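Colleague: What follows is a predicted protein model with its sequence.
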Amino acid sequence: MKERLLMLACALGALVLFLTLFVPRAQKGAEVREVPRPTTEIRGPNGYRGVLEWLDGQSVRVVSLRERFEELVRQPGLATRGNILIVTLPASAPVRTEELRPLQNWIRAGNTLLVLAALADTPDWAWLPGSSSANDLSVLTGLEFETARSRNLRLRGMQRAEVQGAEDRQRVVRAALAREYIRPHAITLVANRPHAYFAGVSEVVALSDYPSQSWAVRVPYDGFVLSLAHARETGEEVLWTRTLGEGRVVVCGLGSVFTNRALGLADNGRLLANIIGANLGPSASVLFDDAHQGLVAGYDPAHFYADRRLHLTIGVLVLVWLCWVLGGTRLRMPSRQLDGVNEADLVRTTGGFLARVLTPAAAARRMLEHFPGRLSASGLSASGLSGASVSGARVSQASVSRGGVDGAGLSGLERHASLASADLRQLRSWQQQAQRGESVPLDRLQALLNRLRRQLES
């Protein structure tokens with residue numbers, strides 16, 4: 001039981017290590033909050049479900065566009081002209097370059113683009129420190145937008161680089177000081193002059209969850225834009241319109257004005273009805289750009305990893321893995337009998353060990369000390385050497401008793417007629433080197449001693 005608990009602890013530790021290494025974590029200090037994006041599927045405050053159901057009740061065909069803008073002309077049952085496309089900015093997915101020309105051609109054919117950009121208001125779904133929807137807005141509408149602060153600095157004669165530097169510093173400061181309002185801040189839109197869009201409309205209210213700033217439009221040299229309304233609190237323009245071919249582009253700088261929580265405020269619903277009524281053609285449709293807000297018909301990695309079924313599947317797999325680790329794995333390896341070690345391996349291992357710790361000079365001295373003992377073991381005593389010597393020479397018993405081949409022993413060997421004088425000279429040279437602590441070739445010394453012993457035995 002103790003081993004199973006230890007295995008469980010190790011398995012859980014491995015799982016925690018895997019999650020730590022491969023599961024991304026939010027940065028410290030970052031606000032981690034999943035805010036619903038403004039799509040037709042959302043029934044909460046930020047969605048367009050109220051507009052969709054209202055249009056359905058008025059027998060207006062509504063299309064949730066879940067593909068890129070290049071698929072506009074291929075939408076089944078869509079009229080060629082008189083349609084209205086509602087785009088909300090900022091989007092969760094950027095607008096691609098290849099989408100712009102098909103969108104412009106679609107507008108020029110007699111359709112209307114209504115852009116709801118969070119410029120003068122900052123709803124919770126649009127709040128990202130240091131970001132804005134001005135870039136995508138300029139790309140979609142062909143109009144250039146700048147903050148009121150940048151416009152004022154530019155009108156004072158400041159250079160473009162100086163204006164950009166001041167804007168960057170202001171953006172950093174705003175991102176650092178931005179705090180969510182306790183209650184949403186109301187921004188009121190009022191008409192500049194009578195217009196068909198404002199028939200029966202006295203004011204329109206948008207809600208901002210974070211501090212916002214005022215923006216101004218810069219008209220291109222070859223274009224024209226009509227300012228229709230402004231914000232009562234700041235006096236800056238917030239609603240513009242321009243023609244594009246046979247179609248029209250309408251830009252509202254309040255991104256929250258037609259969401260579920262603001263549609264019933266003041267005359268918001270009336271303004272939307274007027275815009276749709278003035279631009280919607282017979283048998284035409286109102287399209288909502290849900291694709292760039294993350295609601296796509298194809299594969300979406302964010303929705304895939306947020307799916308509850310994926311989390312349930314991973315949990316089941318982890319449970320099965322733990323059961324296999326605890327019940328289907330062998331905790332102890334089977335014992336294995338080791339084969340016996342033979343004598344040759346033992347001698348080779350011992351010799352390798354001695355070769356690492358014993359110097360050649362010390363080994364040579366020990367071999368010379370044991371050489372007389374090997375002669376005695378072969379029956380060649382001091383007297384035996386004397387009887388076998390032709391010249392009467394002998395290896396002295398005293399040299400043997402001293403335990404080695406010293407100078408006297410070599411003298412006795414030199415008087416033996418059967419020993420080669422060259423071998424004896426070599427033996428004396430190596431004996432002197434060993435006594436001085438110099439290196440001696442041990443294999444050649446062993447071969448020489450063996451040769452001398454064989455010569456004495458013959």
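Modeller: Sure, I can see it.
Colleague: May I have stretch 200-207 as PDB, with CA atoms only?
Modeller: The C-alpha coordinates for stretch 200-207 follow below in PDB (Å, rounded to 0.1, in the frame of the first residue of the first chain):
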ATOM      1  CA  GLY A 200     -38.000  61.700 -34.200                       C
ATOM      2  CA  VAL A 201     -34.600  61.500 -32.500                       C
ATOM      3  CA  SER A 202     -33.700  64.000 -29.900                       C
ATOM      4  CA  GLU A 203     -30.700  62.300 -28.300                       C
ATOM      5  CA  VAL A 204     -28.900  59.000 -28.300                       C
ATOM      6  CA  VAL A 205     -27.000  57.600 -25.300                       C
ATOM      7  CA  ALA A 206     -23.900  55.300 -25.400                       C
ATOM      8  CA  LEU A 207     -22.300  53.700 -22.300                       C
END
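Colleague: all helices of the stretch 351-458 of the chain, in order?
Modeller: 360-377, 382-388, 397-401, 407-414, 421-436, 442-457 (DSSP state H, counting those that start in this stretch).
Colleague: Now render these as a markdown table, adding distance to residue 66 and mean pLDDT.
Modeller: All C-beta spots, glycine's among them, are computed from the backbone N, C-alpha and C. Shown next, in a markdown table, are the helices of the stretch 351-458 of the chain (distance: least, CB to CB, whole Å; pLDDT from 0 to 100):
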| stretch | distance to residue 66 | mean pLDDT |
| --- | --- | --- |
| helix 360-377 | 86 | 79 |
| helix 382-388 | 111 | 39 |
| helix 397-401 | 107 | 40 |
| helix 407-414 | 106 | 64 |
| helix 421-436 | 94 | 86 |
| helix 442-457 | 87 | 84 |
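Colleague: Reformat these into TSV and put distance to residue 190 next to each item.
Modeller: Shown next, in TSV, are these (distance: least, CB to CB, whole Å):
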stretch	distance to residue 190
helix 360-377	106
helix 382-388	134
helix 397-401	128
helix 407-414	126
helix 421-436	113
helix 442-457	109
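Colleague: As TSV, those with distance to residue 195 and mean neighbour count would be great.
Modeller: As requested, the helices of the stretch 351-458 of the chain are exported to TSV (distance: least, CB to CB, whole Å; neighbours: other CB atoms under 10 Å):
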stretch	distance to residue 195	mean neighbour count
helix 360-377	110	17
helix 382-388	137	16
helix 397-401	132	15
helix 407-414	130	17
helix 421-436	117	15
helix 442-457	112	15
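Colleague: Figure out which of those is closest to residue 6.
Modeller: Nearest of the helices of the stretch 351-458 of the chain to residue 6, taken as CB to CB: helix 360-377 at 51.2 Å.
Colleague: Give me the buried positions along stretch 208-219.
Modeller: By 16 or more other CB atoms under 10 Å, the buried positions in stretch 208-219 come out as 208, 209, 210, 212, 213, 214, 215, 216, 217.
Colleague: quick one, which of the helices of the stretch 351-458 of the chain is nearest to residue 269?
Modeller: When the helices of the stretch 351-458 of the chain are ranked by proximity to residue 269 (CB to CB), helix 360-377 comes first, at 105.1 Å.
Colleague: Show the model's pLDDT score for residue 260.
Modeller: With respect to pLDDT, residue 260 scores 94.
Colleague: pLDDT wise, what is the closest residue to residue 278 other than its chain neighbours at?
Modeller: Here the nearest residue to residue 278 in space, its sequence neighbours aside, is residue 196; by CB to CB, 6 or more residues apart in numbering that works out to 5.2 Å. Residue 196 carries a pLDDT value of 93.
Colleague: swap in the one 10 residues further on?
Modeller: Per-residue confidence for residue 206 comes out at a pLDDT of 94.
Colleague: OK, contacts around residue 73?
Modeller: 102, 105, 106 (CB atoms under 8 Å, 6 or more residues apart in numbering).
Colleague: State the pair within the buried residues of stretch 208-219 that is farthest apart.
Modeller: Spatial extent of these (CB to CB) is set by the pair 209 and 217 at 24.3 Å.
Colleague: hmm, back to that, can you flag which of the contacts of residue 73 belong to helices?
Modeller: 102, 105, 106 (DSSP state H).
Colleague: What subset of these is buried?
Modeller: For the ones in helices among the contacts of residue 73, buried by 16+ other CB under 10 Å: 102, 106.
Colleague: Show me how this structure divides into domains.
Modeller: Split into domains by automatic domain parsing, the chain comes to 33-298, 305-331, 343-457.
Colleague: And the stretch of helix or strand residue 273 belongs to, what does it pack against?
Modeller: Residue 273 belongs to helix 268-279 when elements are defined using DSSP states H and E. Contact here means 3 or more CB pairs under 8 Å, 6 or more residues apart in numbering; DSSP states H and E; on that basis helix 268-279 packs against helix 49-57, strand 84-89, strand 204-208, strand 247-252.
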